[in-house]
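Enquirer: Sequence plus the predicted model coming up.
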Amino acid sequence: MVTQEQRKRQLAREKFLRQQQRRTASRRKARMRNSVIASVLGVILIGSVALYTTGVLKDDDKANASSDTTPSAAPSSKAPTDPCEKPAAGSVKKLSWKKEPAVTIDKSAKYTMTLATTCGDIGIALKTSAAPHTVNSFDFLAGKGFFDHTKCHRLTTNGIYVLQCGDPTAAGSGGPGYTIPDENLKDASLKGGIYPAGTVAMANTGQKHTGGSQFFLVYQDSQLPASYTPFGTISDSGMKVLQKIAAAGENTGAGDGAPNATVVINKATVTKS
């Protein structure tokens, strides 16, 4: 038989065990509750970060789109418009001579040169009596087809305003193999160091008497030293063609490069009138 003292100890032990069980259960519930809360907070935090990040990117994109108004933001891949036609079929002749041709033109007659280009015809009244060597050379070269299918390789749009042609290589270094003397450097049209619009003059190396086949057409008054033989004047219709070429610009954007227009001399003709 269990004594009263034993019974008290048994009841006390059972009470202790029940308390322990309740505490254990309470702690388990607390851990589960905290775990759930932590999980929920974690989901909320992750979602908030994602929304915040996405929101910032969208806001930045919108801000950049609305505030960027500079012209450079526009696409720049569009090629310049070419106002000229395709070149005629044919190729540049590889011709060269050791010395200047003999002067055979009639110095008292009027000569005109027509450049039939891909951009239109450019008529030029030649200054025969003032620049006989130059005009004679062009008459000779045109008769040989030297200029046919050659490309006008240089357009300047800053400082001086000229289209340069007459190089069979289209690289700026070609010529007929001979040179001609400078002429007409005191032409009345060259006033104040200006080559006026409409002038056609010889290019050279910068040294005296080094003209060959390259020449330039002035589409706007240009300040140049009087060291380039002026030998022709462009017709009104030719100036319109030249202005069209100049308006298309050049390919460097720096004011001196190949013209954006495809300027090819399909045929050059010198005619005595």
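Expert: Perfect, thanks for sending it. Numbering: from 1, shown residues only.

Enquirer: Please count neighbours and contacts with C-alpha atoms only from this point.
Expert: Noted.

Enquirer: quick one: the strands in the protein?
Expert: With DSSP state E as the definition, the chain shows strands at residue ranges 111-117, 120-126, 150-151, 154-158, 160-165, 194-195, 199-202, 215-218, 222-223, 230-234, 256-257, 264-272.

Enquirer: Distance of the residue lying closest to Pro176 once chain neighbours are set aside relative to His149?
Expert: Nearest residue to Pro176, sequence neighbours excluded (CA to CA, 6 or more residues apart in numbering): Ser96, at 4.9 Å. For Ser96, the distance to His149 equals 16 Å [CA to CA, to the nearest Å].

Enquirer: These two: which is more packed in?
Expert: His149 (24 against 12; other CA atoms under 10 Å).

Enquirer: Ignoring the adjacent residues along the chain, who's closest to that one?
Expert: Asn266 (4.7 Å).

Enquirer: One more: Asn204?
Expert: Leaving aside its chain neighbours, Asn204 sits nearest to Gly211 (4.7 Å; criterion: CA to CA, 6+ apart).

Enquirer: Once you drop chain neighbours, what's closest to Glu250?
Expert: Nearest non-adjacent residue to Glu250 (CA to CA, 6+ apart): Pro259, at 4.2 Å.

Enquirer: show me the residues around that neighbour that make contact.
Expert: Going by CA atoms under 8 Å, 6 or more residues apart in numbering, Pro259 touches 152-155, 245-246, 248-251.

Enquirer: which of those are buried?
Expert: Neighbour-count burial (16 or more other CA atoms under 10 Å) applied to these gives 152-155, 245-246, 248-251.

Enquirer: For the stretch 101-250 of the chain, which segments count as helices?
Expert: 132-143, 236-247 (DSSP state H, counting those that start in this stretch).

Enquirer: quick one: average confidence on the last one?
Expert: Here the mean pLDDT over helix 236-247 is 98, rounded to a whole number.

Enquirer: now the nearest residue to Tyr111 once chain neighbours are set aside: how far from Thr112?
Expert: With sequence-adjacent residues excluded and distances taken as CA to CA, 6+ apart, Tyr111 is closest to Lys272, at 4.4 Å. Lys272 is 7 Å from Thr112, where distance means CA to CA.

Enquirer: Neighbour count for the two, which is higher?
Expert: Thr112 (20 against 12).

Enquirer: Same list (the buried ones among the contacts of Pro259) but as CSV, adding distance to Ala88.
Expert: Below are the buried ones among the contacts of Pro259 laid out as CSV (distance: CA to CA, whole Å):
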residue, distance to Ala88
Cys152, 15
His153, 17
Arg154, 20
Leu155, 21
Ile245, 18
Ala246, 21
Ala248, 21
Gly249, 23
Glu250, 22
Asn251, 23
